[in-house]
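**Student:** sequence plus predicted model, see below.
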Amino acid sequence: MANWYQRVIVPRLLNSAMASESLEKVRREVLDSASGTVLEIGVGPGYNLPLYQNILMLYALEPSKELIEIARPRTTKSAFPVEFLNAQAENIPLPDQCIDTIVSTWTLCSVNDPKKVLKEIVRVLRPQGKFIFVDHGASPHASILLVQRAFTLVTKHFTGNCHQDRKIDKLVQEAGFSIQKINHPRERFKPLIYNYQGIATRP
């Protein structure tokens, strides 16, 4: 039953939840920095796909076959080649140092092993390549973080393994990246959501 829920219901929930205009505004802002050969990890339902501009090629990595089928039609008007990779971000099926820009939007919060994912990102990214990330994670306020941790224990089973309590900037820095830019946009009426939006470079 649990596997059926994750395979069938979660992709439909994500397709609905990620469609908001406020998220599209964020997508447009961060994807403007993508260039060259791009890898997006956790493509999900593919809302980023029509928004890329002036890139050479996109590898769209997603472990869910169901989400790939939802995302695929959103590439029909792409002015660049798109290759879907049905794989986990912990094991990216690409050679070393072949990617100019890696994009992760609301993905590090839900992968099984974020440290291993970031290690893989370092491996496939070219020297001085860019890692663009948007995520929600741990609040710097101890009282809110306690609530985030309590909620995550329950909600991760119903939201595609989404964790509200991961310190995204710390994970990125511990992987060896240099964060060039980061901000924390607030969402009205969502006190438990703490956002991380940034660009990091591979040393």
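**Tutor:** Received the coordinates, thanks.
**Student:** okay, CA-based contacts and neighbour counts for the rest of this
**Tutor:** OK.
**Student:** what about the protein, any weak spots by pLDDT?
**Tutor:** Applying pLDDT under 70 to the chain picks out residues 1-2, 4-8, 10-22.
**Student:** how about the strands in it?
**Tutor:** Per DSSP state E, the chain carries strands over the ranges 36-41, 55-61, 82-85, 99-105, 125-137, 178-183, 194-201.
**Student:** adjacent strands (with direction) for the shortest one?
**Tutor:** This points to strand 82-85. Using DSSP bridges, the strands paired with strand 82-85 are strand 55-61 (parallel).
**Student:** let's have the strands of the chain in JSON lines, adding mean neighbour count and distance to residue 92.
**Tutor:** Formatted as JSON lines, those follow (neighbours: other C-alpha atoms under 10 Å; distance: least, C-alpha to C-alpha, whole Å):
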{"stretch": "strand 36-41", "mean neighbour count": "23", "distance to residue 92": "9"}
{"stretch": "strand 55-61", "mean neighbour count": "20", "distance to residue 92": "8"}
{"stretch": "strand 82-85", "mean neighbour count": "18", "distance to residue 92": "8"}
{"stretch": "strand 99-105", "mean neighbour count": "23", "distance to residue 92": "12"}
{"stretch": "strand 125-137", "mean neighbour count": "22", "distance to residue 92": "11"}
{"stretch": "strand 178-183", "mean neighbour count": "14", "distance to residue 92": "22"}
{"stretch": "strand 194-201", "mean neighbour count": "21", "distance to residue 92": "19"}
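**Student:** TSV for those, including distance to residue 119?
**Tutor:** Converted to TSV, those look like this (distance: least, C-alpha to C-alpha, whole Å):
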stretch	distance to residue 119
strand 36-41	13
strand 55-61	16
strand 82-85	18
strand 99-105	13
strand 125-137	10
strand 178-183	14
strand 194-201	13
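**Student:** out of these, the one nearest residue 161 is which?
**Tutor:** Proximity to residue 161 (C-alpha to C-alpha) singles out strand 125-137 among those, at 12.8 Å.
**Student:** state the number of residues packed around residue 141.
**Tutor:** Neighbour count of residue 141, defined by other C-alpha atoms under 10 Å: 9.
**Student:** what about it, distance to residue 84?
**Tutor:** With the distance defined as C-alpha to C-alpha, to the nearest Å, residue 141 ends up 39 Å from residue 84.
**Student:** next, the buried residues of the helix ranked longest in the chain.
**Tutor:** Longest helix of the chain, by residue count under DSSP state H: helix 142-155. Buried residues in helix 142-155, counting neighbours by 16 or more other C-alpha atoms under 10 Å, are found at 144-145, 148-149, 152, 155.
**Student:** repeat that for stretch 45-54.
**Tutor:** Neighbour-count burial for stretch 45-54, counted by 16+ other C-alpha under 10 Å, picks out 45-49, 51-53.
**Student:** any chance of these in JSON lines, with distance to residue 102 too?
**Tutor:** Below are the buried residues of stretch 45-54 laid out as JSON lines (distance: C-alpha to C-alpha, whole Å):
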{"residue": "45", "distance to residue 102": "18"}
{"residue": "46", "distance to residue 102": "15"}
{"residue": "47", "distance to residue 102": "16"}
{"residue": "48", "distance to residue 102": "13"}
{"residue": "49", "distance to residue 102": "14"}
{"residue": "51", "distance to residue 102": "15"}
{"residue": "52", "distance to residue 102": "12"}
{"residue": "53", "distance to residue 102": "14"}
